[in-house]
Structures are given as structure tokens and as C-alpha cells.
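Asker: the sequence and its predicted three-dimensional model are supplied below.
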Amino acid sequence: MNKSINLPRACLFIALAIVMFSTLSGFKLVSNDELASILDDGDAISINAEEVMQDNIIPWAASKAAPLDVVLSAIDSEGFQSACEQYGVQQSQAFPCTFWVHVSDAVASVDTSSRVGKINLGNVGDKSISLLIGPVIPGSSVRDGYPELGYADFANQDQFATFGDELNDQVISIVESFGNVDSGDTVEAIGAFSTWDGMGNTVQIVPVELNRVNGE
């Protein structure tokens, strides 16, 4: 009678054969930990960006967001680092500080002349305020501004970057569901903007929630 093949042991033999071949061929010998990482790479947990956005990020942002004018005033009067600690999220020194804010204002104009479309609002002090509406959302403010998921939750840099892109796609879906706006309409928004050490005269907010004031 033929004996059945022990699959785990067979996989181990294959892995050892690969390592031996690599050694004899002059390729770099990988460590046991590196080999385990390679074998386990296909088992990485898939994170659904739509579910995370709807079930986690939007409710969290709504509870975290501070009035935009308060945040900008804190940056100016208390200093960037103090304002970041009080109102922002910075997962490490490798990331900018992301501020979650809410703003309500009349639409000054809608700029769709480039793929990075904007709803331009009024100024706050000497800073012009806009909401990014795509179809291209630059950066990764939404991903970097949510502290419950970080780089360590992903198998590699590519997955982490892809997740940021997928969250930006969710922002586009939110904007599309909101519909068209015209100059003079009043909108409320909750969103994020990221900066390393303050900002210039423009604040570009990535919205995760949009509402019309008084049903406009």
C-alpha cells in the first residue's frame, strides 16, 4: 500500500531544497525568520477599506475633529508640536501630523480645472481653505490620521500604500454620493489635512463626511 504524503513535511523539504539550491548557486542565504515570512506571506489578513472607512474611520473622525479655526489658532499661538499633540495624530516621526477638523462655510468656487478638484471655501484668517474632491486625492491623510491601523498591521510597504489608495477611493465615493455643489451653497465637512511643521497659506482638507446646511 502506498503511504500518503505528509503535506507539512513535504513543504518543509521543498523549502529546505530551495535554501540549499540558493546556497550552492551563490544566492543570499535567508534566515529561518525570513523564510517563515516568505512562506506565511500569503496568509496576510485582508483589510477591507470600505468597511474600515464606514465602520471605524468616519465615526472616529466625527468624535475627534475640532473646529478648523481652533486648530489653526493653536498652531499659530501654541506652536506646531503642541497643537499636534492636542489636536493631531502622528504615528511616528516618519509621518506628518494629521489634524481632523470640521468646517462649515459657503462655497466660494468649485475648481475642476485639474484632476485634483477642489471646493474652495472662505478664508480663515490669512489661510485659504479648500476641500479636495478628486478624481485624484493626493497623499494619505485619511490612512495616516487613523491611529488604530498602522504600518505594522500590513504584510509589506506595498500593501500599506495600496490601503491608503483604497481609502482615497472611498473619499471619491463619498464626494460622488454628495453630488454637485455650486457657488453660494453652504456645506459642512469633517476631514483631515496633514503637515510636517505647519502650513503655508492654503489648507487642503480631505473630507470623509459632507453635508448640506439647511438642505441646500
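Answerer: Everything's here; your move.

Asker: which residue is nearest the centroid of the protein?
Answerer: Centre of the chain computed as the mean C-alpha position; nearest residue by Cα atoms, centre = their mean is residue 143, 1.8 Å away.

Asker: mind listing the helices for this structure?
Answerer: In the chain, the segments counted as helices under DSSP state H are 7-25, 32-40, 49-52, 58-64, 68-78, 80-87, 141-144, 157-178.

Asker: low-confidence ranges in the protein?
Answerer: Low-confidence segments of the chain, defined by pLDDT under 70, are located at 1-45, 215-216.

Asker: in terms of residue numbering, what are the domains of it?
Answerer: What automatic domain parsing lists as the domains of the chain is 7-41, 48-215.

Asker: need the winner for burial among these.
Answerer: domain 48-215 (a mean of 17; mean count of other Cβ atoms under 10 Å). For the C-beta atoms, the positions are set from N, CA and C on the backbone; glycine is no exception.

Asker: with only the CA atoms kept, save stretch 177-186 in PDB.
Answerer: The C-alpha trace of stretch 177-186 is given here as PDB (Å, rounded to 0.1, in the frame of the first residue of the first chain):
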ATOM      1  CA  SER A 177     -22.700  60.500  -3.400                       C
ATOM      2  CA  PHE A 178     -22.800  64.000  -2.100                       C
ATOM      3  CA  GLY A 179     -23.400  65.300  -5.600                       C
ATOM      4  CA  ASN A 180     -22.800  68.600  -7.300                       C
ATOM      5  CA  VAL A 181     -22.300  71.900  -5.400                       C
ATOM      6  CA  ASP A 182     -22.500  75.500  -6.700                       C
ATOM      7  CA  SER A 183     -21.000  78.700  -5.500                       C
ATOM      8  CA  GLY A 184     -23.100  80.100  -2.700                       C
ATOM      9  CA  ASP A 185     -24.200  76.600  -1.400                       C
ATOM     10  CA  THR A 186     -23.300  76.100   2.300                       C
END
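
Asker: which residues touch it?
Answerer: Residues outside stretch 177-186 that contact it (Cβ atoms under 8 Å, 6 or more residues apart in numbering): 104-110, 119, 187, 210, 212-214, 216.

Asker: those residues into JSON lines, with extra columns for distance to residue 94?
Answerer: Output for the contacts of stretch 177-186, formatted as JSON lines (distance: Cβ to Cβ, whole Å):
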{"residue": "104", "distance to residue 94": "33"}
{"residue": "105", "distance to residue 94": "33"}
{"residue": "106", "distance to residue 94": "38"}
{"residue": "107", "distance to residue 94": "36"}
{"residue": "108", "distance to residue 94": "35"}
{"residue": "109", "distance to residue 94": "36"}
{"residue": "110", "distance to residue 94": "35"}
{"residue": "119", "distance to residue 94": "31"}
{"residue": "187", "distance to residue 94": "33"}
{"residue": "210", "distance to residue 94": "30"}
{"residue": "212", "distance to residue 94": "38"}
{"residue": "213", "distance to residue 94": "38"}
{"residue": "214", "distance to residue 94": "43"}
{"residue": "216", "distance to residue 94": "41"}
